[in-house]
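[1] Sequence first, then the predicted structure:
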Amino acid sequence: MDLYDLHTLLRLPTGIFYAQGVKTNVIFFTRSKTNRANSALEEIEDLTEELEPDTTGKSGMSELPQGWSQTTLDELCIFNPRHDPQTERSLNVSFIPMPAVSDTLGVIQENHQTRTLEEIWKDYTHFRDGNVIFAKITPCMENGKITVAEGLNNSLACSSTEFHVLRTLGGISPQLLWYFLRQKHFREEAERHMTGAIGQRHVPLSYLQQTSFSLPPLAEQQRITVKLDSLFARPRHVHEELARIAGESYRTGVLVEYLEAALLSKAFYGQPVPQDPNDEPASTLLERIRAKHGAQPKPQHSRRTAATH
């Protein structure tokens, strides 16, 4: 009984179940919130004890894993694209205000709006399903308002210009790019490069474009993403559970942040999944992208972020 709280005591009419004159009461219990919280927190603590996050932003890796290549996000993405001008303007599309992006779970929540494309064509950021949107303003960027757009009305959306949009060119999966940008180390480094007046500081587009990225082979990217999705499923479920329990949100947030740092610091240095020497190397993938999009190899002196070395 220590594990449950009394919820309801229901008195039924005399004689409804048994002989005349016999009284019946039904008691309903709910599992104790304290016990649920402790169980959920213990689950996260067990996971974090198995991992030691990289708190310096350096992996200690002396060289890239086999088949990986060093590149920049500018080679892998188109930034802030616009919708096709031939798109029917009367089409109903999603409008995503900043509050609709969860900084905790990194998803678009259900409180976004629907508008015609004509209403929001001008003066707004454009994106579509599969694009990564990255909050560029303070404090939204620092808090992690970054997501892969999914489930948009007619696969299209607009939002405020407070987002940068990254559309991948096929060399990196949107989900893996999202995991990369969500790294705490990356966001801390991005914060140091913000420009603008106090209260209006933002991450310049050039910072994202010049960010160095250690690119795994495409097949290995898929294995890494599947592994990360599996590993993150448990803490996300626990966080959603504890969000409904008063007094536990801060402690949970600290533990989930610690666990994310541990998992992601390993993910981008060839550690979370076995490598396959038969995978097509990332260098071949980059050559195809450069040939298709007319990109040239970036100089070797391009800036490296704390999240990638």
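    Done, it's in. Computed from a predicted model, the values in this text were never measured in an experiment.

[2] Could you pull up the contacting residues of I96?
    108, 112-113, 133, 149, 157-159 (C-beta atoms under 8 Å, 6 or more residues apart in numbering). No exception for glycine: its C-beta is placed from N, CA and C like everyone else's.

[3] hmm, 10 Å instead?
    108-109, 111-113, 124-125, 127, 133, 147, 149, 152, 157-160, 163 (C-beta atoms under 10 Å, 6 or more residues apart in numbering).

[4] Going by neighbour count, list what's buried in stretch 110-126.
    The neighbour-count check on stretch 110-126 (16 or more other C-beta atoms under 10 Å) flags 112, 115, 117, 120-121, 124-126 as buried.

[5] Also stretch 207-226?
    For stretch 207-226, burial by neighbour count (16+ other C-beta under 10 Å) applies to 207-218, 220-225.

[6] Endpoints of it, how far apart?
    Start-to-end span of stretch 207-226 (C-alpha to C-alpha, to the nearest Å) is 28 Å.

[7] ok, back up a step: now, which of the buried residues of stretch 110-126 sits nearest S265?
    T125 (30.3 Å; C-beta to C-beta).

[8] And the furthest pair within the buried residues of stretch 110-126?
    Taking every pair in those and measuring C-beta to C-beta, the maximum separation is 17.4 Å, between H112 and W121.

[9] and the buried residues of stretch 207-226, which of them are in helices?
    207-210, 218, 220-225 (DSSP state H).

[10] quick one, phi/psi of D229?
    phi -60, psi -40 (degrees, to the nearest 10).

[11] Does it touch Q175 like I think?
    Yes. Assessed by C-beta atoms under 10 Å, D229 is found in contact with Q175 at 7.5 Å.

[12] Neighbour count: the two, which is higher?
    Applying other C-beta atoms under 10 Å to D229 and Q175 shows that Q175 carries more neighbours, namely 20 against 12.

[13] Quickly note the distance from that one to V22.
    61 Å (C-beta to C-beta, to the nearest Å).

[14] just D276 next, same as before
    D276 sits 71 Å away from V22, going by C-beta to C-beta.

[15] Residue ranges of each domain in this protein, please.
    Per automatic domain parsing, the structural domains of the chain span 1-31, 32-308.

[16] now the ones you listed in a markdown table, with mean pLDDT?
    Converted to a markdown table, the domains of the chain look like this (pLDDT from 0 to 100):
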| stretch | mean pLDDT |
| --- | --- |
| domain 1-31 | 68 |
| domain 32-308 | 81 |
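
[17] Deepest in the core, which of those is it.
    By mean neighbour count, with neighbours taken as mean count of other C-beta atoms under 10 Å, domain 32-308 ranks first of the domains of the chain at a mean of 17.

[18] wait, L285 sits on T168?
    No. Between L285 and T168 there is no contact under C-beta under 10 Å: 11.8 Å.

[19] Mutual contacts of those two, please.
    Joint contacts of L285 and T168 (C-beta under 10 Å, 6+ apart) are L76.

[20] For the protein, which segments count as strands?
    With DSSP state E as the criterion, the chain has strands at 4-12, 24-31, 69-72, 77-79, 92-96, 113-116, 125-128, 132-135, 146-148, 156-159, 163-168, 212-215.

[21] Looking at those, which is nearest to S265?
    strand 212-215 (12.4 Å).

[22] That closest one pairs with which strands?
    In the sheet, strand 212-215 lines up against strand 69-72 (antiparallel) (DSSP bridges).

[23] and which of the buried residues of stretch 110-126 is nearest to E189?
    Once C-beta to C-beta is applied, the member of those that ends up nearest E189 is T125, at 23.1 Å.

[24] Any figure for the gap between the closest one and G171?
    23 Å.

[25] do the same with T161
    Distance, T161 to G171, using C-beta to C-beta: 26 Å.

[26] Equivalent analysis for P13, please.
    Separation of P13 from G171 (C-beta to C-beta): 71 Å.

[27] One more: V93?
    27 Å.

[28] Next: V148.
    16 Å.

[29] now P65
    Taken as C-beta to C-beta, the span from P65 to G171 is 17 Å.

[30] Out of the ones in helices among the buried residues of stretch 207-226, give me the two with the largest separation.
    Taking C-beta to C-beta, the two most distant members of these are Y207 and R223; they sit 29.2 Å apart.

[31] Show me the contact partners of stretch 283-294.
    Contacts to stretch 283-294, defined as C-beta under 10 Å, 6+ apart, come from residues 67-71, 75-76, 78, 168-172, 215-218, 221, 279-281, 295-297.

[32] mind exporting that stretch as CSV, just the C-alpha atoms?
    What follows is stretch 283-294 as a C-alpha-only set of coordinates in CSV (Å, rounded to 0.1, in the frame of the first residue of the first chain):
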residue,chain,number,x,y,z
SER,A,283,34.8,10.4,-49.8
THR,A,284,33.0,8.8,-52.8
LEU,A,285,29.7,10.2,-51.5
LEU,A,286,31.2,13.7,-51.3
GLU,A,287,32.5,13.4,-54.9
ARG,A,288,29.0,12.7,-56.1
ILE,A,289,27.6,15.6,-54.2
ARG,A,290,30.3,18.0,-55.6
ALA,A,291,29.7,16.7,-59.1
LYS,A,292,25.9,17.1,-58.9
HIS,A,293,25.8,20.5,-57.2
GLY,A,294,29.0,22.1,-58.6
